[in-house]
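Asker: Got a predicted structure here, sequence first:
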Amino acid sequence: MAQNLSTLVTPYHKNQASESRDQIGFGLSILALCLLPIERVALPLGLKPVDFVLVLLVLYGLAQAWRTRQRLEFPLLLPLWLILFSSSVAALVGIAKVEGIIAVVQEIYLFVWFIVLTNVLRMFSLSDLDRLLKVWSIIACIEAATTVMGMFRIGPSMFYTLPYRDRNITTVLVRSVGTYINPNAVAVYLSVSFFIVLATSWPTWLRSALAVWLFAGMFGTGSNGALITTLGGLAVLMVVHSITKMHRGILLWGAITFIGMGLVATSLLVLAIEPSLLSGLGVSGSGHALYLTVGRFSRSLGDRFELIGWAWQIFSHHPWGVGPNAFSTIRASLHNDYAAFLFERGPVGIIGWLWMIGATLLMPLRAANQSTDGYQHWQILAPGAGFLACAVNALSHEISHMRQVWMLMVFLFALSYAHLAQQAANAPSDTASVREGI
């Protein structure tokens, strides 16, 4: 096992800068990663600073494809079309038509930059993609510093206060928002960044240290969903990597992982049923660190069930969906993407959402299955584990509209395409021709 684990610390053997690097696309991609977590700045129509760069990347990517006659890939085309179709129908027959039409336009924008940016990044060399992963990791570690500071109310008040809302803070510890507008959004960003760090070619000890720091930043947000799903995604990543490449130590990894996850789940369940046990553990006061997470578990769970029950009653009168973002207009978001896609977009919408999740998770598995290098195999699977964590976290938060999730998907597909292309290039010519025929 030690010999197999050593492959995870081996950097790229071809880590030289590519002579044909797309300097403009590479530079714009770096700028987008730097601006991605700056969501505190509110612009008209719900835009953020990163959107200006994303629009430039879309225009540049389309111009490059036209100039070079580059063949475009259209990842998730069918499920995205289903989602867009269901959103359009629900917007027309739903109860919030104006908000629904705006949501459809936002979805079109989101899907377009996801597809175009994937095509831009898949043309980069693997070493350049690794550099972008490292840039993302560095920015995420800075963001984690803002959440840790915010939890202790250190630094600017923007790190721990919600915009457009008066907040009377009476406790020492609070849920941090960093440079985002709510704790759950920054927690999702740090969660996906956790797996981005694991995908870099830095030494194992450095990746581990940075991942722990990002997890501490997540704790500062108090998001139970992000904390639990990140641990679960890490567990699945280690087990899948062991099964598909190491072949030894599977039972040990599986036993340690699932026993640990079982203990965490059992503890949370007990505290959810009887929150007063925290006082018995000597934890008192809403400002205590445990009250930022498990102390909120029971109340948050109850609120979500109550919201879903209320939404079901409305949906029963609108079987084709009440319209995207309709519940946010009426009362509040459902904090559950699966319920939101069913109730707001109807049965076609939930089919598209589940199809999208399944197709996204299968892509890195397909690419990793053809990889023969231990590190590259791990690098392909890590973003997939991050998306799995997001897919599970979507049971407690609506993350389908979050830019950080779609940016993770961009890297997931770009890395998978790049690794598949490399495997095809390294394969014998007869094998490559057979694959092209398929």
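Answerer: All right, it came through fine.
Asker: Let me know the average pLDDT across the helix ranked longest in the chain.
Answerer: What stands out as the longest helix in the chain, according to DSSP state H, is helix 337-369. The average pLDDT within helix 337-369 is 93.
Asker: now the helix or strand just after it: how far from the chain's centre is it?
Answerer: Remark: after helix 337-369, the chain's next helix or strand is helix 374-393, criterion DSSP states H and E. Relative to the centre of its chain, helix 374-393 is centred 10 Å away, using C-alpha atoms, centre = their mean, to the nearest Å.
Asker: Same question for stretch 417-425.
Answerer: 24 Å.
Asker: which residues are contacting it?
Answerer: Stretch 417-425 has contacts (C-beta atoms under 8 Å, 6 or more residues apart in numbering) with 73, 118, 122, 124-126, 129, 366-368, 370-372, 376, 379-380, 432, 435. For glycine as for every other residue, the C-beta is placed from the backbone atoms N, C-alpha and C.
Asker: quick revisit: could you list every helix and strand in contact with the longest helix of the chain?
Answerer: If you count contacts as 3 or more C-beta pairs under 8 Å, 6 or more residues apart in numbering; DSSP states H and E, helix 337-369 packs onto helix 77-93, helix 297-315, helix 326-330, helix 374-393, helix 403-426.
Asker: chain center to the helix or strand where Ile102 lies: distance?
Answerer: In this structure, Ile102 sits in helix 97-122 according to DSSP H and E. Relative to its chain's centre, helix 97-122 lies at 16 Å (C-alpha atoms, centre = their mean).
Asker: in it, what's buried?
Answerer: 99-104, 106-107, 109-122 (16 or more other C-beta atoms under 10 Å).
Asker: Report the buried residues of the next helix or strand after it.
Answerer: The helix or strand immediately downstream of helix 97-122 is helix 126-151, counting by DSSP H and E. Buried residues in helix 126-151, counted by 16+ other C-beta under 10 Å: 126-137, 139-141, 143-151.
Asker: Likewise for stretch 358-373?
Answerer: 360, 363-364, 367-368, 370-371, 373.
Asker: Now do the contacts for Cys390.
Answerer: With C-beta under 8 Å, 6+ apart, Cys390 has these contacts: 188, 191-192, 229, 399, 405, 408.
Asker: in whichever helix or strand Phe194 is part of, what counts as buried?
Answerer: Per DSSP H and E: Phe194 is located in helix 183-199. Across helix 183-199, burial judged by 16+ other C-beta under 10 Å covers 183-199.
Asker: Equivalent analysis for stretch 326-344, please.
Answerer: Quick answer for stretch 326-344 (16+ other C-beta under 10 Å): 326-329, 333-344.
Asker: any weak-confidence spans in the stretch 201-350 of the chain?
Answerer: Counting by pLDDT under 70, the stretch 201-350 of the chain has low-confidence residues at 245-302.
Asker: can you give me the helices in it?
Answerer: Along the stretch 201-350 of the chain, the segments classed as helices by DSSP state H, counting those that start in this stretch run 204-221, 224-241, 250-273, 277-280, 297-315, 326-330, 337-369.
Asker: Distance to Leu45 added to the ones you listed, as JSON lines?
Answerer: Putting those into JSON lines (distance: least, C-beta to C-beta, whole Å) gives the following:
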{"stretch": "helix 204-221", "distance to Leu45": "26"}
{"stretch": "helix 224-241", "distance to Leu45": "27"}
{"stretch": "helix 250-273", "distance to Leu45": "39"}
{"stretch": "helix 277-280", "distance to Leu45": "43"}
{"stretch": "helix 297-315", "distance to Leu45": "26"}
{"stretch": "helix 326-330", "distance to Leu45": "16"}
{"stretch": "helix 337-369", "distance to Leu45": "20"}
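Asker: Ala394: which of those helices is closest?
Answerer: helix 337-369 (3.8 Å; C-beta to C-beta).
Asker: Would you pull up how far that closest one lies from the middle of the chain?
Answerer: 14 Å.
Asker: Repeat that for stretch 324-332.
Answerer: Per C-alpha atoms, centre = their mean, the centroid offset for stretch 324-332 relative to its chain is 23 Å.
Asker: Show which residues not belonging to that stretch make contact with it.
Answerer: So stretch 324-332 is contacted by 87, 90-91, 94-96, 99-100, 102-104, 107, 307, 310-311, 314, 333-334, 340, 343-345 (C-beta under 8 Å, 6+ apart).
Asker: rewinding a little: the inter-axis angle of the helix holding Phe194 versus helix 403-426?
Answerer: In terms of direction (axes from the mean of the first three to the mean of the last three C-alpha atoms, to 10 degrees), helix 183-199 departs from helix 403-426 by 20 degrees.
Asker: Averaged pLDDT, helix 183-199. What do you get?
Answerer: Mean predicted confidence for helix 183-199 is 96.
Asker: Just the CA coordinates for it, please, in PDB.
Answerer: Taking Å, rounded to 0.1, in the frame of the first residue of the first chain, the C-alpha atoms of helix 183-199 are listed here in PDB:
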ATOM      1  CA  PRO A 183     -23.000  31.200   5.600                       C
ATOM      2  CA  ASN A 184     -24.300  28.300   3.500                       C
ATOM      3  CA  ALA A 185     -23.000  29.800   0.200                       C
ATOM      4  CA  VAL A 186     -19.500  30.300   1.500                       C
ATOM      5  CA  ALA A 187     -19.600  26.800   3.100                       C
ATOM      6  CA  VAL A 188     -20.400  25.300  -0.300                       C
ATOM      7  CA  TYR A 189     -17.500  27.200  -1.800                       C
ATOM      8  CA  LEU A 190     -15.100  25.900   0.800                       C
ATOM      9  CA  SER A 191     -16.500  22.400   0.400                       C
ATOM     10  CA  VAL A 192     -15.800  22.300  -3.300                       C
ATOM     11  CA  SER A 193     -12.400  24.000  -2.800                       C
ATOM     12  CA  PHE A 194     -11.600  21.200  -0.300                       C
ATOM     13  CA  PHE A 195     -11.600  18.700  -3.200                       C
ATOM     14  CA  ILE A 196      -9.900  21.100  -5.600                       C
ATOM     15  CA  VAL A 197      -7.000  21.200  -3.100                       C
ATOM     16  CA  LEU A 198      -6.900  17.400  -3.100                       C
ATOM     17  CA  ALA A 199      -6.700  17.400  -6.900                       C
END
